[in-house]
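> kindly generate the corresponding structure for this input.
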Amino acid sequence: MPKTTYYSAHTQPNGLALTYTPKNAAEIIAAGALIWRVRNSKIELLIIHRPRYDDWSWPKGKQDAGETIPETAIREISEEVQLRVHLGVPLGTTRYKVNGKTKDVFYWAAQLPAGQKPRADKDEVDDIQWVSVKKARTMLTNPSDLQPLEAFENLWATSGLDTHPIIIARHTKAKPRANWSAAEDERPLAGTGKRQALALARLLTAWEPSRVLSSPWLRCVQTVAPYVNEYSLTVKEKKSLSETGAERHPKRTAKTIASLFEKGTPALVCTHRPVLPVVLDAVAEHLLTKKQKGHLPAKDPYLEPGDILVLQVSAYERGGIVSAEVVRPFTD
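From the prediction side, this is the model:
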C-alpha cells in the first residue's frame with residue numbers, strides 16, 4: 001500500500017471531504033452504491049435484503065486483495081444485483097466496529113443503466129425492492145445506512161445527481177530521463193508503468209469513459225492503451241496535451257480541456273506532470289464555487305504517476321463540477 005494519499009473525495013454542495021492514507025484507513029474496507037432511477041417523475045432507490053443478517057441495506061461488500069475501492073463497489077454490485085453500473089458522485093463513508101475491528105464502507109450514487117434490470121444473487125440476497133426515499137428511510141435496518149441516504153437526498157434536491165465523468169490521468173511510471181538518450185517524446189513506460197497501466201484499465205471500468213484524449217508522446221499513449229484496447233476505443237492524440245505543446249501554446253491546452261465540458265460525454269485525458277497546472281487551471285473555470293478550488297490538487301506533482309482525478313460534471317449547473325476524487329489505480 002502506498003505511503004501517501006490513495007483516495008480523496010470532495011463534493012459540492014454537501015461539503016463532503018475525505019482523504020485516505022494507510023495511516024487513517026480502517027482495518028476492513030467495503031464499498032457499494034445507492035442505485036437510483038426516475039419512474040413516473042419520482043426518484044426510487046434499490047435496497048436489498050440479506051438473509052444471512054436478516055437486514056435491508058444497500059448493495060455493498062468487502063474489498064478483495066488488490067482491488068481499489070471503486071473496483072470493489074462495481075464488483076459487489078455486479079455480484080449482488082447483477083448490474084453493471086458506473087459510479088457517480090461520492091456519498092461519503094460510514095465507519096463502525098465489526099468484531100472489534102474498524103470498518104469503512106464507501107458509497108457512491110449510481111444511476112440504473114438503461115436496459116438493465118436488477119436480479120438478486122440468491123446466495124447473498126433473497127429480495128430486492130425499488131422504494132422511495134421516504135420508504136427507504138423506514139426500511140433500512142442499520143442506522144449507519146441513513147448517512148449516505150442524507151447525502152443522496154441533498155444531491156437530488158440541488159440537481160447534483162445527473163452527472164457525467166471527466167477523468168484527468170497522469171501517465172504511469174516512465175523510464176527515467178537520465179537513462180534515455182533518444183527523443184523525449186519516444187521515452188516509453190518502465191516495466192512498473194506497464195503494470196500500472198493495466199491496473200488503470202481495470203479501475204476505469206468504474207466510469208467507462210467513451211472519449212479518450214492523450215498527449216501523442218509514447219508514455220501517455222502506452223498508459224491508455226490497455227483501456228482503449230479492452231473497449232475497442234480510439235485515442236485522439238492532441239499535441240496541446242504534450243509537454244512542448246502546453247509550454248508553447250497553453251491557451252490551446254486550456255481550450256482542449258474546456259471542450260470536454262461542452263461535449264457532455266464521459267471522457268479520459270492523459271497528460272504529463274508539467275502540463276497539469278495548465279489543465280487544472282482550465283478545470284477550475286468549471287467549479288461551482290470559489291471554495292471548490294481547494295478540492296483540486298494544488299501542489300507539484302499534483303498527481304502521482306498513474307493517479308487519476310475524477311470530476312463529476314452536472315448536466316444542469318452550467319456544466320459545473322459537483323465532485324472531485326483522486327484515485328490511485330494500484331494498491332502495492
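
> next SSE after the helix or strand bottoming out on mean pLDDT in the chain?
Ranked by mean pLDDT, DSSP states H and E, the weakest helix or strand in the chain is strand 17-20, scoring a mean of 92. Of the helices and strands lying after strand 17-20 in sequence (DSSP states H and E), the nearest is strand 28-39.

> next, the angle from the helix or strand that that next one is followed by to strand 28-39.
Downstream of strand 28-39, the first helix or strand assigned by DSSP H and E is strand 42-50. For strand 42-50 against strand 28-39, the angle by axes from the mean of the first three to the mean of the last three Cα atoms, to 10 degrees is 140 degrees.

> picking up where we left off before, counting contacts, what elements does the least confident helix or strand of the chain pack onto?
Other helices and strands packing on strand 17-20, by 3 or more Cβ pairs under 8 Å, 6 or more residues apart in numbering; DSSP states H and E, are strand 7-11, strand 90-98. For glycine as for every other residue, the C-beta is placed from the backbone atoms N, C-alpha and C.

> if we go to 10 Å?
Applying 3 or more Cβ pairs under 10 Å, 6 or more residues apart in numbering; DSSP states H and E, one finds that strand 17-20 contacts strand 7-11, strand 90-98, strand 101-111, strand 321-327.

> list the buried residues of that strand.
Buried residues in strand 17-20, defined by neighbour count with 16 or more other Cβ atoms under 10 Å: Leu18, Tyr20.

> where along this structure do the helices fall?
Assigned by DSSP state H, the helices in the chain fall at 69-81, 133-139, 146-157, 191-204, 218-230, 243-248, 250-263, 276-284.

> just give the nearest non-adjacent residue to Asp162, would you?
Among residues not flanking Asp162 along the chain, Ala315 sits closest, at 4.3 Å (Cβ to Cβ, 6 or more residues apart in numbering).

> I figured that neighbour hits Pro165, correct?
No - applying Cβ atoms under 10 Å as the test, Ala315 and Pro165 come out as separate, 12.0 Å apart.

> mind listing what the closest residue to Arg177 other than its chain neighbours touches?
Nearest non-adjacent residue to Arg177, counting by Cβ to Cβ, 6+ apart: Arg187, 7.0 Å away. Residues near Arg187 by Cβ atoms under 10 Å, 6 or more residues apart in numbering: Ala174, Lys175, Pro176, Arg177, Asn179, Trp180, Ser181, Trp217, Leu218, Arg219.

> need those residues in TSV (columns: neighbour count, distance to Ala114 and pLDDT).
Below are these laid out as TSV (neighbours: other Cβ atoms under 10 Å; distance: Cβ to Cβ, whole Å; pLDDT from 0 to 100):
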residue	neighbour count	distance to Ala114	pLDDT
Ala174	21	39	97
Lys175	15	43	95
Pro176	9	46	94
Arg177	9	46	90
Asn179	8	49	87
Trp180	13	46	92
Ser181	7	52	92
Trp217	26	37	98
Leu218	17	37	98
Arg219	25	36	98
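
> can you list these in TSV and add distance to Pro148?
Below are the contacts of Arg187 laid out as TSV (distance: Cβ to Cβ, whole Å):
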residue	distance to Pro148
Ala174	39
Lys175	43
Pro176	43
Arg177	44
Asn179	47
Trp180	47
Ser181	53
Trp217	40
Leu218	42
Arg219	38
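
> what is the neighbour count of Lys97?
Lys97 is flanked by 11 other residues according to other Cβ atoms under 10 Å.

> which of the helices of the chain is buried the deepest?
helix 69-81 (a mean of 22; mean count of other Cβ atoms under 10 Å).

> now do it: which elements does it pack against?
Counting by 3+ Cβ pairs under 10 Å, 6+ apart, helix 69-81 packs on strand 7-11, strand 28-39, strand 42-50, strand 60-62, strand 90-98, strand 101-111, helix 191-204, strand 321-327.

> the ones you listed: which one's closest to Lys291?
strand 7-11 (9.8 Å; Cβ to Cβ).

> what pLDDT does Glu76 get?
Glu76 is assigned a predicted lDDT (pLDDT) of 97.

> how near is it to Lys175?
37 Å (Cβ to Cβ, to the nearest Å).

> tell me the bridge partners for the residue nearest to Trp156 when sequence neighbours are not counted.
Nearest residue to Trp156, sequence neighbours excluded (Cβ to Cβ, 6+ apart): Ile43, at 6.0 Å. With DSSP bridges as the criterion, Ile43 is bridged to Val38.

> got it, and the one 5 residues further on?
Assessed by DSSP bridges, Ile48 has beta-bridge partners Ser57, Ile128.

> please name the residues that touch it.
Contact analysis of Ile48 by Cβ under 10 Å, 6+ apart lists 32, 35, 55-60, 80-81, 118, 120-121, 124-129.

> for ChimeraX, what selects the buried ones among those?
Applying 16+ other Cβ under 10 Å to those leaves a buried subset, and the ChimeraX line that selects it is:
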select :32,35,56,57,58,59,60,80,81,118,120,121,124,125,128
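
> ok, now which ones touch the nearest residue to Glu208 once chain neighbours are set aside?
Once flanking residues are discounted, Glu208 sits nearest to His86: 5.6 Å by Cβ to Cβ, 6+ apart. Residues near His86 by Cβ under 10 Å, 6+ apart: 33, 74, 108, 110-111, 113, 164-165, 205-209, 266.
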